[in-house]
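Visitor: I would like the atomic coordinates for the input below:
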Amino acid sequence: DPVISFQDSINQVFNYSLAGFPQYISTYNGMFGFLTSSNRGIIVGESTNVPNSLRSSLASNANLSINLLSNFEISSNIEVYEIIGWGENTIKGVEYRSKKENICSTQNSIYSCQNQSVWDRKLSMTRDGDGTVVIPSAVNQANASEYYLNLFNQNAGFGTNFKHHNILESSFALDIISSIFTENLSTTSLPEYVSTQKPIVASKSLQLSVHSPVSIEAFDTQGRFTGINTALSADGFTFVKEEIPNSYYLEIADDKYIGLEENGDYSIILQGNGVGTFTFDQEIIQEGSVIESKSFINIPTTPLTEASLSINGGILSDNMNMDVDGNGTTDLQIQSSNEFNPIDYLNVMKFIIKSFGLERSQETDLITKIDNLIKYIQNGDIQKAASKAEIFVKKLNLKLAKIDGGENTSRKLTEEEMLIVIQNLEEFILNLK
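Guide: From the prediction side, this is the model:
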């Protein structure tokens, strides 16, 4: 399988063929060439979405070490045993592609956005690994005695979450080691969850991902938690918790991923930590392929926003509960869709405006304008909705300019609140188009 691959859409920001790369990179030399290349095409938006270019001198030193290790041979008079963790979702490759993103900025007191193509990626996962190391890397010595520890079944059976970093804390791994040293190891009476043949993937997995300024966390029916533990440690750092058996949490740039067993019951919480929009994807994966998915696309959010949903027994959620003002009460429920839903978007916007605590006349005026946009959409007049929204933005930008210049006699909307409304409307217009 390729370690790096390119979808055709990546040509919007990076022409891999002109840069001298094949569509699928499956060799070490090919991967080394891409990682050390300074050519990353068009870079807009968050630079963390763009693959790093390694410094050639440091990479070359690492390359020397890799060549040395790859040629290393263990003497034939030494017995070699490999204990191989299996069954935990492990990254086996990255597929690069592009996506459309609204790039927003303020120039001359005017806030505006442009829809541009930016780097994006999709992780390729496999169960043939221990959460860090894939099987082909773990099994690399000729004439070694191989023992596979089925971490997936062990974790499911004991409510644990053993992976690469703590595999030697597993009593079954310790049993193998003990038997080796006492010369009592027999392939006919191996410890439970241990085999001399690689297990076969049978079960599906659930992958949840969220993109842009929100966090994600999952709870199972026993209250076990997977996500970022927001309680600061003594040294002031937050840290990842993966208490749910066979779960994982990953962050890459603005994207956050949680992986879970497919057939469990889970409560999912999304917490806003910035102003913008988020997309939440639910995917059921089998043997590396997505066999079912449901999404909530480009939903407005602020630091007050909390969204929640339930996934039970492998049935993906159709509904998301939105607590827009963060007071602990559901304000509205939105429906999953594989396309942008402008009416859901505007309904969330209305609750964002209500959360400002404005004078009634100012709030009513803003809500009425949003309701009028909804009516245009319901009547099928998308172009009219977009043009009215553009007029709305221009008027707000004029008010924003007066605040910047010190003239704000009414103080009905603060500068920060105006920016939130303008940004949401700009995103709405671009998504409509």
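Visitor: take stretch 388-407, keep the C-alpha atoms, and write them as CSV.
Guide: The C-alpha coordinates for stretch 388-407 follow below in CSV (Å, rounded to 0.1, in the frame of the first residue of the first chain):
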residue,chain,number,x,y,z
LYS,A,388,-29.4,40.4,0.3
ALA,A,389,-26.7,38.9,2.5
GLU,A,390,-24.0,40.9,0.7
ILE,A,391,-26.0,44.1,1.3
PHE,A,392,-26.3,43.1,5.0
VAL,A,393,-22.5,42.7,5.2
LYS,A,394,-21.8,46.1,3.6
LYS,A,395,-24.0,47.9,6.1
LEU,A,396,-22.4,46.1,9.0
ASN,A,397,-18.9,46.9,7.7
LEU,A,398,-19.9,50.6,7.5
LYS,A,399,-20.9,50.4,11.2
LEU,A,400,-17.7,48.6,12.0
ALA,A,401,-15.7,51.3,10.4
LYS,A,402,-17.4,53.9,12.6
ILE,A,403,-16.5,51.9,15.7
ASP,A,404,-12.9,51.6,14.5
GLY,A,405,-12.8,55.4,14.2
GLY,A,406,-14.3,56.0,17.6
GLU,A,407,-17.8,56.8,16.5
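Visitor: buried sites along that stretch?
Guide: Judged by neighbour count using 16 or more other Cβ atoms under 10 Å, the buried positions of stretch 388-407 are 388-389, 392-393, 396-397, 399-400, 403. (C-beta placed from N, C-alpha, C; glycine too.)
Visitor: for this protein, which helix extends over the most residues?
Guide: helix 382-404 (DSSP state H).
Visitor: what's it packed up against?
Guide: strand 110-126, helix 360-378, helix 415-432 (3 or more Cβ pairs under 8 Å, 6 or more residues apart in numbering; DSSP states H and E).
Visitor: out of the ones you listed, which comes closest to Leu35?
Guide: Closest approach to Leu35 among the helices and strands packed on helix 382-404 is made by strand 110-126 (14.1 Å; Cβ to Cβ).
Visitor: could you dump the buried residues of stretch 388-407 into TSV with pLDDT and distance to Thr182 added?
Guide: TSV is the format used below for the buried residues of stretch 388-407 (pLDDT from 0 to 100; distance: Cβ to Cβ, whole Å):
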residue	pLDDT	distance to Thr182
Lys388	94	80
Ala389	94	75
Phe392	92	77
Val393	90	75
Leu396	87	76
Asn397	85	77
Lys399	80	80
Leu400	77	76
Ile403	64	78
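Visitor: looking at these, spot the one nearest Asn246.
Guide: Ala389 (45.1 Å).
Visitor: where's the closest one relative to Leu366, distance?
Guide: In this view, Ala389 and Leu366 are 12 Å apart by Cβ to Cβ, to the nearest Å.
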